[in-house]
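Peer 1: Give me a model of this one.
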Amino acid sequence: MGRLFGTDGVRGVANEELTPLLAMQLGQAGAYVLSKENMHKPTIMVGCDTRISGDMLANALMAGACSVGANAVYVGVVPTPAVAYLTRKYKVDAGIVISASHNPVEFNGIKFFDGKGYKLPDSLEDEIEALIRNHMDGVKFPIGSGVGKIKYRTDAREEYINHAIQAIPVDLSGMKIVVDCAEGAAFYTSVEALKELGANVVAIHNNPDGTNINANCGSTHMEELRARVVYEKANVGLAFDGDADRLLAVDEQGVCVDGDQIMAIIGNFMKEKGTLKDNTIVATVMSNLGFFLMAKEKGLHMEQTKVGDRYVLERMKEIGANLGGEQSGHIIFLDENTTGDGLLSALHLLEVMVSTGKPLSELAGIMEVLPQALFNAKVPNHKKESYMDYPEIANAIEQLTQMFAGEGRVLIRPSGTEPLVRVMIEGKDQQQIDREAKKLANLIQDVML
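Peer 2: Numbers count the residues shown, from 1 in each chain. The predicted structure is shown next:
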């Protein structure tokens, strides 16, 4: 059995890989590890996205937490960043989110935040995992009044909305915005926040039924949003993912604006206002080369990390940066929250549009997006880290690296959450990079299956 924790908590097919038993064990071990230094009865805050399996896993997890003497506060369906914010605000011992983010409905996940609202370092995840593998050896299970209890709260989402609109109180009067809620956790919070700020909101995919999360909608499927923005003659379209920790946008012409472009727009605006700490943005190796060229031209300093918003956050904390994120739309505004936050990202972007009076298409022109090709190779999960052990794959990668040297780059990486090896090539000729990336992805898949 491989490591339980990936780049974003524990993920798997609900009721098959991520079972109620495992959820209960994670509740037990997580509550114990995250509160063992405290002498008081610990409290864990738990929220989930709209997946049908969320209640099943949340209740199993809270039962586990209560069995080691922790209390649980269940806030129901809220965005992941809401749990991070509320964990910090109420000074509880930890926060836990039941969500598989942008993945299809059959998947679910469990991710932890410490008492300060930050995702856990590998060392704490390893400690939780070790306890589960050792069958909670050495842990005392209380009886009587020592057992934990569950409190249910329905006002949490309102508190999160208030936090966001107080942080960025932009006047959106006269602005028409199409919002794709991905049938996920943003279905209420994002729509209400934008309305409270005065926007004319056209909401789509905001009727979650437990089974339709991310289904041909949201930040991973933006075709409908693009068409709707043009049809509605809207100023902008906003696309969230299932747990609303990421944001992608669509300009008034129906053209997608990705996380790199959003960070470029907001980063330059913050630099001009004097609010971008050390004029620095933290991005990942997957960010477009055009982003880095723009930064050089505009006098911005760029820091690069491995893929994963947790690594972006770690670097931001190390150097004191307050803006960082990923091309996929995970953007962290560390002055306002401790994790990627789709709603905050949207409000920051809208603030630039309102302050400058410029349409998003013009703002997005701040950087040239160089062509990228991204293809996935489906491989067995336990093999995905060892793709370079196969000589034919290693040789093909070396040949491609030489082919694109000087005018592009080749990046291969295993997915942190899915049984995939991702192949990304950046270059000047879209047809060429598409052809070569697809060929390499097919080779990896054929050799490793």
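Peer 1: how about residue 107, phi and psi?
Peer 2: phi -90, psi 160 (degrees, to the nearest 10).
Peer 1: Residue numbering should commence at 39 henceforth.
Peer 2: Understood, numbering begins at 39; the last thing we discussed is residue 145.
Peer 1: Just give me the neighbour total for the residue nearest to it when sequence neighbours are not counted.
Peer 2: Leaving aside its chain neighbours, residue 145 sits nearest to residue 138 (3.9 Å; criterion: CB to CB, 6 or more residues apart in numbering). Quick note: C-beta positions are derived from backbone N, CA and C, even for glycine. Applying other CB atoms under 10 Å, we find 30 other residues in the vicinity of residue 138.
Peer 1: what's the answer for residue 418, then?
Peer 2: 9.
Peer 1: picking up where we left off before, name the element the residue nearest to residue 145 belongs to?
Peer 2: Under the criterion DSSP states H and E, no helix or strand holds residue 138.
Peer 1: hang on, it packs against residue 283?
Peer 2: No: taking contacts as CB atoms under 8 Å, residue 138 lies outside contact range of residue 283: 11.9 Å.
Peer 1: shared neighbours of those two, which are they?
Peer 2: With contacts defined as CB atoms under 8 Å, 6 or more residues apart in numbering, no residue is shared by residue 138 and residue 283.
Peer 1: if I pick the residue nearest to residue 145, what's in contact with it?
Peer 2: Residue 138 neighbours (CB under 8 Å, 6+ apart): 49, 87, 89, 145-147, 280, 455.
Peer 1: Could you list the buried residues of the longest helix seen in the chain?
Peer 2: The single longest helix within the chain, with elements called by DSSP state H, is helix 468-486. Buried positions in helix 468-486, judged by neighbour count with 16 or more other CB atoms under 10 Å: 470-472, 474-475, 478-479, 481-483, 486.
Peer 1: now the helices: where do they sit in the stretch 289-438 of the chain?
Peer 2: Counting by DSSP state H, counting those that start in this stretch, the stretch 289-438 of the chain has helices at residues 297-311, 327-336, 347-357, 380-394, 398-402, 429-441.
Peer 1: can you state the direction angle for the last one and helix 468-486?
Peer 2: Interaxial angle, helix 429-441 versus helix 468-486 (axes from the mean of the first three to the mean of the last three CA atoms, to 10 degrees): 160 degrees.
Peer 1: now the third one
Peer 2: Calculated by the same axes, to 10 degrees, helix 347-357 forms an angle of 110 degrees with helix 468-486.
Peer 1: Then the first one?
Peer 2: Going by the same axes, to 10 degrees, helix 297-311 is angled at 120 degrees with respect to helix 468-486.
Peer 1: Go ahead and measure how far helix 297-311 is from the middle of the chain.
Peer 2: 19 Å (CA atoms, centre = their mean, to the nearest Å).
Peer 1: residues in contact with that helix?
Peer 2: 284-287, 314, 317, 319, 321, 325-326, 328-329, 332-333, 336-338, 361-369, 383, 386-387, 389-390, 393-394, 401-402, 404-405, 407.
Peer 1: which of the residues in that helix are buried?
Peer 2: 297-309.
Peer 1: residues in contact with the helix or strand residue 121 falls within?
Peer 2: Residue 121 is part of helix 118-127 when elements are defined by DSSP H and E. With contacts defined as CB under 8 Å, 6+ apart, helix 118-127 is touched by 83-85, 87, 113, 116, 132-135, 137, 139, 149, 151, 153-156, 194-195, 197-198, 201, 223, 227, 281-283, 375-382.
Peer 1: Quick check on those residues: which are buried?
Peer 2: Of the contacts of helix 118-127, these count as buried by 16+ other CB under 10 Å: 83-85, 87, 113, 116, 132-135, 137, 139, 149, 151, 153, 155-156, 194-195, 197-198, 201, 223, 227, 281-283, 375-382.
Peer 1: In strands, which of the residues you listed fall?
Peer 2: 83-85, 113, 132-135, 149, 151 (DSSP state E).
Peer 1: Farthest-apart pair in these, please.
Peer 2: Distance extremes for those: the farthest pair is 113 and 149 at 14.8 Å, using CB to CB.
Peer 1: wait, is residue 49 part of a helix?
Peer 2: No: assessed with DSSP: H, G, I helix; E, B strand; the rest coil, residue 49 is strand; it does not lie in a helix.
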